[in-house]
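*Asks:* have a look at this prediction, sequence included:
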Amino acid sequence: MRVRGFALGVAAILVSAAVNPARAQVTRADTAAVLVQAARRLAAEGERDVAANLLRYIIRWYGDTPIAQQAARELAGADRARAAGSGRTGFVVTNTLFGAWLGIAVPLAFGADDPPPFGVGLIAGPAAGLLGSLAYTKSYPITSGQTAAYRWSVVWLSWQAFLLREITGIGSEEFCNDFEGQRYCYSDTPTEAPFAALVVGGAAGIGAGLVLTRMNLPAGDVALVQDASAWGTGFGAALSVLSSTDGNPDDVAVFGWMAAVGNGFLLGAIPLARAWRPSVGRVRLITLSGIAGGLVGLGIDLIAEVDDEKAAFGIPTLGAAVGLATGIALTARRDVSRAETPVPAEGGALLQLGRDPGIGVPLPEARVLPAIKPDGRLGHRPALGFRIAEFRF
């Protein structure tokens, strides 16, 4: 009712301007001033979106009046105020979930077997993440783009630390035995080693992420860098198969290709994002197009019953590449408004289909799995899980 009454008031002012042409110029300036005052009242009453739309209306239809410049300044200030702090919820959720993950990963990194260390971790970890992120965002307002950059920094550096450990074998032990004049050696990786790498990488990600939260990072730029690095990791895995002699590379080769190509895509996407300035919506559409292309390639594999390892990986990889290129071309003139600032859902799946499709950030989730105790009884043990695919409708 309030908005309808306001609209009628605006209409009355415009009609009065049309009836008295002798005062048309004065009336346009007066009308713009009245509208600005109305926008301020609406903003004070909490109707910020309506106020912003009214300011845009003034800028568009009263651009020749001095008051339009004032409206533009107020709109810019409103946009900055709305952006500042818009990522606080996501930042807090990310740190709370990551705190829960550390509550399990740290005891595992130290070789804990009994439940009490995990219980302490699940109490202290989320609490530290929650309280620490609330205190940080109280001192430093954070945007959704900065939150997305922080989240991806934590996930990406955790993943890179894991890959580095797998490639170099840090923490693994080598055992050798002599049998019939020949020496046989094998390596064994204790459970603590991968979790220690993930904890160290996550700590580095937190540090780098906090630095990123002090930078001006549009959400679209972050989305492009995030999706590009994820695509690079996938293409690296495919290239490891395609470059091998028999289509069956060893783990070190797979992880090496994933790290090299993934980081190459990430570094290449940074200057591209600065030059391109895409919206989150456009990045999601391009990613969805790439996913569709990969699924088409997988469908061809199944229909043709491809049994060659290289061909089975090559066809979906080519399909994904063609899909990405098609998405870039089709969205060239249909970019979604840069005013939007949504970011991928916290703790979502790697592949998100349905509503808001795209590549998500699969944060580790604490789970409890059944296990056989040393005395033969059925018990439970803590574990970590990731969601690979998720459908939202």
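*Replies:* Done, it's in. Residues are numbered from 1 along each chain as shown.
*Asks:* going by C-alpha atoms from here, please, whenever you check contacts or count neighbours.
*Replies:* Noted.
*Asks:* could you give the number of residues near Cys185?
*Replies:* Neighbour count for Cys185, taken as other Cα atoms under 10 Å: 10.
*Asks:* if you could redo that for Asp114, that was the one I meant.
*Replies:* Neighbours of Asp114 under the rule other Cα under 10 Å: 10.
*Asks:* equivalent analysis for Tyr186, please.
*Replies:* Residues near Tyr186, counting by other Cα under 10 Å, number 9.
*Asks:* quickly find the element holding it.
*Replies:* Taking DSSP states H and E as the definition, Tyr186 sits inside strand 182-188.
*Asks:* and if you look at Val93?
*Replies:* Val93 is located in helix 88-109, with elements delineated by DSSP H and E.
*Asks:* mind listing what's buried in stretch 281-288?
*Replies:* Residues Gly281, Arg282, Val283, Arg284, Leu285, Ile286, Thr287, Leu288 are the ones in stretch 281-288 that count as buried (16 or more other Cα atoms under 10 Å).
*Asks:* just name the closest of those residues to Thr168, please.
*Replies:* Distance to Thr168 across those (Cα to Cα) is lowest for Thr287, with 32.0 Å.
*Asks:* you'd agree Ser240 is up against Val252?
*Replies:* No. Between Ser240 and Val252 there is no contact, the gap being 9.8 Å when judged by Cα atoms under 8 Å.
*Asks:* the two: which is more packed in?
*Replies:* More crowded of Ser240 and Val252, by other Cα under 10 Å: Ser240, with 23 against 17.
*Asks:* so who does that one touch?
*Replies:* Listed by Cα atoms under 8 Å, 6 or more residues apart in numbering, the contact set of Ser240 reads Pro249, Ala253, Val254, Trp257, Met258.
*Asks:* most neighbours, which of these?
*Replies:* Among the contacts of Ser240, the one with the most neighbours (other Cα under 10 Å) is Met258, at 26 neighbours.
*Asks:* if we can go back for a sec, farthest pair within the contacts of Ser240?
*Replies:* Pro249 and Met258 (12.4 Å).
*Asks:* let's see which of the contacts of Ser240 end up in helices.
*Replies:* Ala253, Val254, Trp257, Met258 (DSSP state H).
*Asks:* how confident was the prediction at Ala203?
*Replies:* Confidence at Ala203, expressed as pLDDT, is 95.
*Asks:* nope, Gly145 is what I was after
*Replies:* Per-residue pLDDT puts Gly145 at 88.
*Asks:* for it, grab the count of nearby residues.
*Replies:* For Gly145, the number of neighbouring residues by other Cα under 10 Å comes to 27.
*Asks:* Arg214 too?
*Replies:* Arg214 has 13 nearby residues by other Cα under 10 Å.
*Asks:* also Ile328?
*Replies:* Neighbour count for Ile328, taken as other Cα under 10 Å: 18.
*Asks:* give the buried residues for the strand or helix carrying Ala127.
*Replies:* Using DSSP H and E, the element containing Ala127 is helix 115-139. Using 16+ other Cα under 10 Å as the burial criterion, the residues of helix 115-139 that qualify are 117-118, 121-122, 124-130, 133-134, 137.
*Asks:* out of these, flag the one nearest to Trp61.
*Replies:* Checking the buried residues of helix 115-139 against Trp61 with Cα to Cα, the nearest one is Thr137 at 38.4 Å.
*Asks:* excluding its backbone neighbours, what's nearest that closest one?
*Replies:* Leaving aside its sequence neighbours, Thr137 sits nearest to Arg88 (Cα to Cα, 6 or more residues apart in numbering; 6.3 Å).
*Asks:* right, and that neighbour touches Ser144 too?
*Replies:* Yes. Using Cα under 8 Å, Arg88 is in contact with Ser144, at 7.5 Å.
*Asks:* which one's more surrounded, the two?
*Replies:* More crowded of Arg88 and Ser144, by other Cα under 10 Å: Ser144, with 27 against 22.
*Asks:* my guess is the more buried one meets Val222, correct?
*Replies:* No. Contact between Ser144 and Val222 fails when scored by Cα under 8 Å: they sit 9.7 Å apart.
*Asks:* tell me which helix or strand the nearest residue to Leu198 once chain neighbours are set aside sits in.
*Replies:* The shortest distance from Leu198 to any non-neighbouring residue, by Cα to Cα, 6+ apart, is to Ser158 (4.9 Å). Here Ser158, judged by DSSP H and E, is contained in helix 144-168.
*Asks:* quick one: that helix to helix 88-109, angle?
*Replies:* If you take axes from the mean of the first three to the mean of the last three Cα atoms, to 10 degrees, helix 144-168 sits at 20 degrees to helix 88-109.
*Asks:* which strands and helices sit next to the helix or strand hosting Leu55?
*Replies:* Under the criterion of DSSP H and E, Leu55 resides in helix 48-61. Packing partners of helix 48-61 (3 or more Cα pairs under 8 Å, 6 or more residues apart in numbering; DSSP states H and E): helix 24-44, helix 66-83.
*Asks:* residue contacts, the residue nearest to Thr137?
*Replies:* With contact taken as Cα under 8 Å, 6+ apart, Arg88 is in contact with Thr137, Pro141, Ile142, Thr143, Ser144, Thr147.
*Asks:* pull the most distant pair out of those residues.
*Replies:* Thr137 and Ser144 (12.0 Å).
*Asks:* so which bits of whatever helix or strand comes next after the helix holding Ser158 are buried?
*Replies:* Per DSSP H and E, the first helix or strand lying C-terminal to helix 144-168 is strand 173-179. Judged by neighbour count (16+ other Cα under 10 Å), strand 173-179 contains no buried residues.
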